[in-house]
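Undergrad: 3D model of this:
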Amino acid sequence: MQEQTEPLTVVAPRSLTTWYTAFAGDSSPAIFVGESELDREAILHRLAAESGGRSIRILSGHDSLIRDFAIGHMLRAKGIGVSAQSGFASALGLDKLLQKRILQAVKVPVPRWGGPGDPIAPGACILHKQRDSTQSRGLGWLAGNAKTAEDAYWEEFVPGVEYSVVLYRSPRGTVTFPIVWKGENRLDLLPPWRRLRTVPSGLDAATARYLAETSLTIAEIADVWGFLEVEFIVPPTSGPVVIDINPRVCGTMRLVAMATGERIFDWSSFPGDGDRVVPVLRYAAEVPFDGTPFTSDDVIATSRLTCSGDDARAVRQLLARWTDAVPLAKDNAWPAGWRAD
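TA: A predicted model of the protein is given here:
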């Protein structure tokens, strides 16, 4: 049953300030609190004062997961209902070594990896990754006989195409969004958020189903509440592997929202009751953007330019209007279903 009183929505990542309302329907404006740990007590007192008998839902970013979990715990102690990311999911999102151990224990395929002091796989390209990283913080190549830092781990570089699955999970059910194509991973380690990303993904049905089912399994194991992104690499000659899970607001949410028409922040209509898979209704693509943020019909521009349309050609034309059209004109830069032919 949908609750009758709108919860007070608290959004940690300030990056959502410019586009949250586009997907929030007619619900009240959100409170944007940032992700600083130093603001914990001030946020706690503000939320307790402003809840006014309503429940609270907290949409966390990477850097605020533990802070928001603690705030939720303290608000519940005051008798206020809170929906926020679970402690276990928060731990998995912040501790990539714990994440690897749990996924490996439940037989979810991951690249070869090791922690500080673990022997490094011979004859492989090895990445050095920060244990609590996001958005490629601390990412680099592990050269020669170098050792892994105490706050880091090593992971084998698996060549292939990167994909993301976005889900939303609550006691009412789980919503699975269409798969996001993020292009081939690169030896120069250019991260996906600085590359072209699209929905639909062009992925074959069997692999797409496997990615979605694996993501559902991870959401259940991690006791996820709210949004979750599972990142995969699909190699050309072997099965998919999971490279990261992000139990929080993530960069691919806007893209899937525009491709499906879902008002993903609207408390009155999303997520609805029961499990469901949201179909692709429109084409959507995005690229990095360094201009002045703006919104218009079928376009939202912040640090990324996200465009949607009724077909691939319409989206490509929108992107070309606002960005350098030369790389976007190359058909080999796009997945199946997006090329001019």
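
Undergrad: now the strands: where do they sit in the stretch 1-150 of the chain?
TA: Under the criterion DSSP state E, counting those that start in this stretch, the stretch 1-150 of the chain contains strands at 8-11, 31-32, 56-59, 82-83, 113-114, 126-130, 140-141.

Undergrad: would you list every one of the helices in the stretch 101-250 of the chain?
TA: 205-221 (DSSP state H, counting those that start in this stretch).

Undergrad: Run through it and note the low-pLDDT ranges.
TA: 135, 144-145 (pLDDT under 70).

Undergrad: rewinding a little: among the strands of the stretch 1-150 of the chain, which comes closest to Leu75?
TA: strand 82-83 (4.9 Å; Cβ to Cβ). C-betas here are computed from N, CA, C, even on glycine.

Undergrad: helices and strands around that closest one, which ones?
TA: Helices and strands touching strand 82-83, by 3 or more Cβ pairs under 8 Å, 6 or more residues apart in numbering; DSSP states H and E, are strand 56-59, helix 65-77.

Undergrad: Pick the most buried one from these.
TA: Each of the helices and strands packed on strand 82-83 was scored by mean neighbour count; the highest is strand 56-59, a mean of 24, by mean count of other Cβ atoms under 10 Å.

Undergrad: So in that sheet, which strands flank it, and in what orientation?
TA: Looking at strand 56-59 with DSSP bridges, its partner strands are strand 8-11 (parallel), strand 82-83 (parallel).

Undergrad: ok, and what's touching the first one?
TA: By Cβ atoms under 8 Å, 6 or more residues apart in numbering, the surrounding residues in contact with strand 8-11 are 17, 20, 24, 27-28, 30-33, 43, 47, 50-52, 54-59, 68, 249, 265, 267.

Undergrad: quick one on the thing from earlier: minimum distance to Pro122: which of the strands paired with strand 56-59 has it?
TA: strand 8-11 (46.0 Å).

Undergrad: quick one: the closest one to chain centroid distance?
TA: Chain-centre distance of strand 8-11: 18 Å, with Cα atoms, centre = their mean, to the nearest Å.

Undergrad: List buried residues within the contacts of strand 8-11.
TA: Among the contacts of strand 8-11, those classed as buried by 16 or more other Cβ atoms under 10 Å are 20, 24, 27, 30-33, 43, 47, 51, 54, 56-59, 68, 249, 265, 267.

Undergrad: start to end distance for stretch 243-256?
TA: End-to-end distance of stretch 243-256 (Cα to Cα, to the nearest Å): 20 Å.

Undergrad: So for this structure, the centremost residue is which one?
TA: Nearest to the mean C-alpha position of the chain, by Cα atoms, centre = their mean, lies Cys250 at 3.1 Å.

Undergrad: pretty sure it contacts Glu229?
TA: Yes - shown here, Cys250 and Glu229 form a contact pair, counting by Cβ atoms under 8 Å, at 4.0 Å.

Undergrad: so what's in contact with those two at the same time?
TA: The contact sets of Cys250 and Glu229 overlap at Ser164, Val166 (Cβ under 8 Å, 6+ apart).

Undergrad: For the nearest residue in space to Gln130 that is not next to it in sequence, give its distance to Asp331.
TA: With Cβ to Cβ, 6 or more residues apart in numbering as the criterion, Gln130 has its nearest non-adjacent residue at 2.8 Å, and that residue is Gly138. Distance, Gly138 to Asp331, using Cβ to Cβ, to the nearest Å: 35 Å.

Undergrad: quick one: which of those two has more around it?
TA: Gly138 (14 against 9; other Cβ atoms under 10 Å).

Undergrad: what's the spacing between that one and Gly123?
TA: Using Cβ to Cβ, we find Gly138 at a distance of 24 Å from Gly123.

Undergrad: Check which residues of stretch 80-91 are buried.
TA: So, applying 16+ other Cβ under 10 Å, buried residues of stretch 80-91: Ile80, Val82, Ser83, Ala84, Gln85, Ser86, Phe88, Ala89, Ser90, Ala91.

Undergrad: Figure out the length between the terminal residues of that stretch.
TA: End-to-end for stretch 80-91, by Cα to Cα: 23 Å.

Undergrad: Centre of the chain to that stretch, how far?
TA: Relative to its chain's centre, stretch 80-91 lies at 17 Å (Cα atoms, centre = their mean).

Undergrad: pLDDT wise, what is Val326 at?
TA: Per-residue pLDDT puts Val326 at 65.

Undergrad: Show the contacting residues for the residue nearest to the centre of the chain.
TA: Counted by Cβ under 8 Å, 6+ apart, Cys250 has contacts Ser164, Val166, Phe227, Glu229.

Undergrad: Distance of the closest residue to the second one other than its chain neighbours relative to Ala329?
TA: So that's Val166. Among residues not flanking Val166 along the chain, Phe177 sits closest, at 4.3 Å (Cβ to Cβ, 6+ apart). The spacing between Phe177 and Ala329, counted by Cβ to Cβ, is 28 Å.

Undergrad: okay, these two: which has more neighbours?
TA: Phe177 (28 against 12).
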